[in-house]
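J.: I would like the atomic coordinates for the input below:
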Amino acid sequence: MRTMPERIQLKSPEQIALMREAGLVVARALGAMREAAAPGVSTLDLDAIARDVLRDAGATPSFLNYHGFPAVICASVNDRIVHGIPSATEKLAEGDLLSIDFGAIVEGWHGDSAVSVAIGEVAPDVAELSRVCEASMWDGIAAVRDGGRLTDISHAVESSVRAAGRYGIVAGYGGHGIGTEMHMAPHILNYGKAGKGPRLVPGMAVAIEPMVTLGSRATRELDDGWTVVTTDGSWAAHWEHTVALLDDGPWVLTAPDGGRSELALRGVELSAAAA
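T.: Below is the predicted model:
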């Protein structure tokens, strides 16, 4: 394993394959939680589902005890953007928007992904918010190209959101490198000019995660020391995938199809490793 400036970890194809195993565990757990998320279900119930998937897969959680975080998943409802702590007393309600963030470790390698889930029928602007956020994530992933620059990803995410309407792109928070640790260099903001930062090269793996609101981009942290909310009370969506860059293209390690369907819409060919 070699490193780049800024301590960006580069992985071998064999190591990326192990990250894919972790990514598939994440995908299975998120799929199970999406199916279970319904009015009356608690966010702690969803945490229990993720724990079951981890146990069955022989994997370990990325989040539990990370700097003291007390749960396996982050569950953030409505105006909570990220890092929400699951609770037995917090019951989902019709019309809520729930963001679930989850990570798993297989043989020392991490996968990390997040989805926003509509609980029952949500308001049209809320459904569109989630769609815009997810599309911007895929547009950011499509910018992961050999020889590109890190902020090409940031610019692609921002351009996608701006083209969709008047939304807040959360300030300060963003994506990150990932591999033998969950959070590694580089930090990837969801806004900025293209063509800056380290070059994108085969062996890099990053988690791309836009956080978009219906109002202001400003945030504050609650007294629990974790939960990040919008300052104006507007609702937020959060989507994330882990993507690796190989010699012949990207591979979305936390997407069941490797990212094939969404990237095909954007004219991007996957690495042959994703076959």
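J.: poorly predicted segments of this structure, please.
T.: 1-6 (pLDDT under 70).
J.: could you dump the host helix or strand of Val243 to CSV, C-alpha only?
T.: Using DSSP states H and E, Val243 sits within strand 241-246. This file holds the C-alpha atoms of strand 241-246, laid out as CSV (Å, rounded to 0.1, in the frame of the first residue of the first chain):
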residue,chain,number,x,y,z
HIS,A,241,-22.0,6.2,-1.5
THR,A,242,-18.5,4.8,-1.3
VAL,A,243,-16.8,4.8,-4.7
ALA,A,244,-13.3,3.5,-5.7
LEU,A,245,-11.4,4.5,-8.7
LEU,A,246,-9.6,1.7,-10.6
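J.: strands paired with that strand, and their directions?
T.: Partners of strand 241-246 in the sheet, by DSSP bridges, are strand 205-208 (antiparallel), strand 249-252 (antiparallel).
J.: who touches the helix or strand that the first one is followed by?
T.: I take that to be strand 205-208. Moving toward the C-terminus from strand 205-208, the next helix or strand (DSSP H and E) is strand 211-213. By CB atoms under 8 Å, 6 or more residues apart in numbering, the surrounding residues in contact with strand 211-213 are 81-82, 129, 132-133, 136, 161, 167-170, 173-174, 190, 230, 234-238. In short, each C-beta sits where N, CA and C put it, glycine included.
J.: next secondary structure after strand 211-213?
T.: strand 219-221.
J.: which SSE is immediately downstream of that next one?
T.: strand 228-230.
J.: neighbouring strands - and their directions - for that next one?
T.: Strand 228-230 is paired, per DSSP bridges, with strand 80-82 (antiparallel), strand 219-221 (antiparallel).
J.: just give me how far the strand holding Val243 sits from the chain centre.
T.: 12 Å (CA atoms, centre = their mean, to the nearest Å).
J.: lovely, talk soon.
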